[in-house]
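Q: no sequence for this one, just the structure:
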């Protein structure tokens, strides 16, 4: 896997999975696995586009579930060809949704895979409907635990704060 950390990259074609992927939990893994599968089928590189720190950590000071090094290790194990890590700072947070779309265009995505709650751009004004105006989008439905609740980074943070390490580790996969 080639990591493009805090640098831009251009590609002739790709399949992209986009997300904060903090923890690279089972739900995140499903989004990334779909990108890898689709990229192999189309014979183009798979790309994970992610952020450091995750936006929730940046804006709300949430507990970070994995360091960037751990995140990259977990992503690599999923068979990804490239990972682009954008530095999420005050400057990045001010970018509007259309500027993010311009960034994605440089990767020439044949398809983009995201979770159903994906938002982007300043004030989270960009959404899946906007992305669909520019790219072919595949939305991955949430991965749920045995009781039917979606696995999420927020839920994992809550479990960790409650001392439920066995369950949180199970969700992290």
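A: Here it is on my side, so go on. No experiment lies behind these values; they were computed from the predicted model shown. Numbering: from 1, shown residues only.
Q: Just list what the lowest-mean-pLDDT helix or strand in the chain packs against, helices and strands only.
A: Taking mean pLDDT, DSSP states H and E as the measure, the helix or strand of the chain with the lowest value is helix 165-172, at a mean of 89. Packed against helix 165-172 by the contact rule (3 or more CB pairs under 8 Å, 6 or more residues apart in numbering; DSSP states H and E) you find helix 153-161. For the C-beta atoms, the positions are set from N, CA and C on the backbone; glycine is no exception.
Q: The helix it packs on versus helix 165-172: what angle between them?
A: Put simply, helix 153-161 runs at 160 degrees to helix 165-172, going by axes from the mean of the first three to the mean of the last three CA atoms, to 10 degrees.
Q: Verify the stated contact: residue 56 with residue 157.
A: No - using CB atoms under 8 Å as the test, residue 56 is too far from residue 157 to be in contact (9.0 Å).
Q: residues shared between the contacts of the two?
A: Residues within reach of residue 56 and of residue 157 at once, by CB atoms under 8 Å, 6 or more residues apart in numbering, are residue 62.
Q: quick one on the thing from earlier: please enumerate residues in contact with the least confident helix or strand of the chain?
A: Residues outside helix 165-172 that contact it (CB under 8 Å, 6+ apart) are 23, 24, 25, 26, 65, 145, 151, 155, 156, 159, 160.
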